[in-house]
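> I'll drop the sequence and a predicted model, then ask my questions.
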Amino acid sequence: MFARPAKLWIPLFALPGVLGGAYAGAAVPTNVTDVRLWSGPEGTRLVLDLSALPRHEVFAIENPDRVVVDLANTQLAMRKDLPAGQGPVKSVRSGPQAGGGLRIVLDLTARHAVKSFAVGPDGTAGHRIVVELPGATPSNVAPTATQVLAASSAAVAREAPSVDNPVKTLTVAADKQRDLVIAVDAGHGGQDPGAIGRGGTREKDVTLAIARKLAAAIDAEDGMRAVMIRDGDYFITLRGRVRKARELGADMFVSVHADSVPNRAVSGSSVYVLSLRGASDEASRWLAERENAADLMGGVSLDDKSDVLASVLLDVTQKEAVSNSVEAASSVLASLRRVGSVHGPRVRHAGFMVLKSPDIPSMLVETAFISNVADERRLRDSAHQQRIAQAIHAGVRDYFYEKPPPGSRIAALAAARRGGTATQTLAER
Ligand SMILES: [Zn+2]
């Protein structure tokens, strides 16, 4: 899993790269107000604090191995010395350049990959240029989310002390005993009818009917609340559905469909979750959209983190989401088995776009085969729609009682069922 992020690093022996973005105006020189260096297992990071973002280049030179940061129209304006070397950095030195520029040099103990990016002002911190030398990590062993977040939290704390500890953000819910939000997505809609049965039944109509019944069942459940992604006969893009679920703060995403195959003998329900291949590709895409990625990590911006770390965070988050999805989907499949035939014994994996939330457990329920005459008839039957909706709801409920998110009402109810500490918790409510 770490082969891909490694590609993000520019090897030391690569040609100089020009880094840019918004450049400062020419006349007033930029001040370097501080130069900070630290080294740890996750890598080595140099941060230049600046009065503005100057035109700059970061590149590597061999023999001896060093990293050069050239800053146009910039001067050192620090009250202290440049930091002493540490980790792979032997020493840090600087010197003026022709034309009013400044050069900062990191002398290295050995050839090293290097990466650089600029960070704009946020909170108490101003413009920064960050130069990173990746460490020996990520290791070959996949770290747990907590381990990675803990490491990242330490890095964030050092870089921006005002940022809250992300571990805390992720594990302690903001509200006490909040309702779990289940996004119910009726497949297709508008100009997209979905599959059409031999009797003329349109998938988009039966998915909406079942989705409405499912939402009603969820709303009737203590500690849960449904949000309809589509609640009418209109079209929504697949990404739009995922986005809406996220905006509505969904804890789970359930997409309702009806399958169709040329072989009209095939019948029964199936439940799909994302295949990890799809997950991995999607993690890459999310990485490219940093703004979007920020809200995936419990509100912690990835901007200050290295690409490797950000990639690992997303990878771990999505792998967890997929593994949770499998558990939830298995629960739904078991429940569907009780109300009718299921097509195949196990949860299936596929790269459906709507399943690609990196952080929300997601499943796609093919409620039946609309291409099968008997299934099509059942799909039109309101009582059967209700049975399917109840079955999906029961599966989702069973899953959350097994694995209640901390701080949720379901967590308290689940604890009460087990005779735990819930009495007190309930009394506080
Ligand atoms: Zn469909």
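That came through fine.
> okay, CA-based contacts and neighbour counts for the rest of this
OK.
> Mind naming the longest helix for the protein?
helix 307-337 (DSSP state H).
> counting contacts, what elements does it pack onto?
Helix 307-337 is packed against helix 3-6, helix 145-159, strand 270-274, helix 276-288, strand 362-369, helix 382-402, with contacts defined by 3 or more CA pairs under 8 Å, 6 or more residues apart in numbering; DSSP states H and E.
> and after it, which helix or strand comes next?
strand 348-350 (DSSP states H and E).
> Where does residue 207 fall, secondary structure wise?
helix 203-219.
> Can you tell me the strand partners of the helix or strand that comes right after that helix and which way each runs?
Later in the chain than helix 203-219, the nearest helix or strand by DSSP H and E is strand 224-228. Applying DSSP bridges, strand 224-228 is found paired with strand 180-186 (parallel).
> What lies in contact with the strand it pairs with?
Outside strand 180-186, the residues that touch it by CA atoms under 8 Å, 6 or more residues apart in numbering are 204, 207-208, 210-211, 214-215, 218, 223-231, 241, 245, 248-257, 408-410.
> and the angle from it to helix 382-402?
150 degrees (axes from the mean of the first three to the mean of the last three CA atoms, to 10 degrees).
> How far does strand 180-186 sit from its chain's centre?
Relative to the centre of its chain, strand 180-186 is centred 18 Å away, using CA atoms, centre = their mean, to the nearest Å.
> So for that strand, mean pLDDT?
Strand 180-186 comes out with an average pLDDT of 97.
> and that strand with helix 203-219, angle?
Using the same axes, to 10 degrees: strand 180-186 against helix 203-219 is 160 degrees.
> Can you list the buried residues in strand 180-186?
For strand 180-186, burial by neighbour count (16 or more other CA atoms under 10 Å) applies to 180, 181, 182, 183, 184, 185, 186.
> which regions of the stretch 1-150 of the chain sit below the pLDDT cut-off?
1-26, 41-42, 122-124, 136-150 (pLDDT under 70).
> ok, back up a step: could you save the buried residues of strand 180-186 as a markdown table and add columns showing distance to residue 414?
A markdown table is the format used below for the buried residues of strand 180-186 (distance: CA to CA, whole Å):
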| residue | distance to residue 414 |
| --- | --- |
| 180 | 13 |
| 181 | 17 |
| 182 | 18 |
| 183 | 21 |
| 184 | 23 |
| 185 | 26 |
| 186 | 29 |
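> Widest-spaced pair of these?
180 and 186 (19.0 Å; CA to CA).
> C-terminal to the strand ranked longest in the chain, what's the next element?
In the chain, with assignment by DSSP state E, the single longest strand is strand 30-40. Going down the chain from strand 30-40, the next helix or strand is strand 43-50, by DSSP H and E.
> who does that following strand pair up with?
Assessed with DSSP bridges, strand 43-50 is paired to strand 30-40 (antiparallel), strand 127-134 (antiparallel).
> sorry, back to before: out of the contacts of strand 180-186, which are buried?
Buried among those (16+ other CA under 10 Å): 204, 207-208, 210-211, 214-215, 218, 223-230, 241, 245, 250-257, 408-410.
> which residues touch stretch 82-102?
Contacts of stretch 82-102 (CA under 8 Å, 6+ apart): 29, 35-40, 44, 70-76, 103-110.
> Name the residues of that stretch that come out as buried.
82, 85-89, 91-92, 94, 96-97, 101-102.
> Go ahead and confirm residue 46 touches residue 58.
No - look at residue 46 against residue 58 with CA atoms under 8 Å: they stay out of range, at 11.8 Å.
> list the residues that contact both of these two?
residue 131.
> and the one helix or strand residue 92 maps to, how far out from the chain's middle?
Secondary structure assignment for residue 92, by DSSP H and E: strand 89-97. Remark: strand 89-97 is offset 38 Å from the chain centroid, using CA atoms, centre = their mean.
> do stretch 119-135 as well
For stretch 119-135 - counting by CA atoms, centre = their mean - the centre lies 22 Å from the chain centre.
> Same check on stretch 332-341?
30 Å.
> mind checking how far residue 54 is from residue 48?
To residue 48, residue 54 is 11 Å away according to CA to CA, to the nearest Å.
> sorry, back to before: can you lay out the strands paired with strand 43-50 as JSON lines showing mean neighbour count and distance to residue 64?
Output for the strands paired with strand 43-50, formatted as JSON lines (neighbours: other CA atoms under 10 Å; distance: least, CA to CA, whole Å):
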{"stretch": "strand 30-40", "mean neighbour count": "19", "distance to residue 64": "20"}
{"stretch": "strand 127-134", "mean neighbour count": "23", "distance to residue 64": "16"}
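> And the residue sitting furthest away from the middle of the chain, how far from residue 74?
With distances taken as CA atoms, centre = their mean, the residue sitting farthest from the centre of the chain turns out to be residue 98, at 45.2 Å. Note on residue 98: its distance to residue 74, by CA to CA, is 11 Å.
> For burial, what's the neighbour tally of residue 112?
22 (other CA atoms under 10 Å).
> my guess is it meets residue 106, correct?
No - shown here, residue 112 and residue 106 do not form a contact pair, counting by CA under 8 Å, at 11.2 Å.
> Distance of the closest residue to residue 35 other than its chain neighbours relative to residue 28?
Once flanking residues are discounted, residue 35 sits nearest to residue 48: 4.7 Å by CA to CA, 6 or more residues apart in numbering. Residue 48 is 18 Å from residue 28, where distance means CA to CA.
> And these two? Which one has more around it.
Legend: neighbour count by other CA under 10 Å for residue 48 and residue 28, higher for residue 48 (21 against 10).
> follow-up on the earlier one: got a quick ChimeraX command for the buried subset of the contacts of stretch 82-102?
The buried residues among the contacts of stretch 82-102 can be selected in ChimeraX (16+ other CA under 10 Å) with this line:
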select :29,35,37,38,39,44,70,71,72,73,74,75,76,103,104,105,106,107,108,109
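> So which of the buried residues of strand 180-186 is the closest to residue 376?
residue 186 (16.8 Å).
> If that closest one is in a bridge, with which residues?
In beta-bridge terms (that is, DSSP bridges), residue 186 pairs with residue 256.
> likewise residue 60?
residue 67.
> how many neighbours does it have?
24.
> Then residue 121?
14.
> show me the residues around the closest residue in space to it that isn't next to it in sequence that make contact.
Once flanking residues are discounted, residue 121 sits nearest to residue 127: 5.0 Å by CA to CA, 6+ apart. With contacts defined as CA under 8 Å, 6+ apart, the neighbours of residue 127 are 49, 50, 51, 52, 53, 118, 119, 120, 121.
> Distance check, residue 345 against residue 228.
29 Å.
> okay, the closest residue to residue 389 other than its chain neighbours: pLDDT?
Spatial nearest neighbour of residue 389, chain neighbours left out: residue 214 (4.4 Å); criterion: CA to CA, 6+ apart. Listed pLDDT for residue 214 reads 98.
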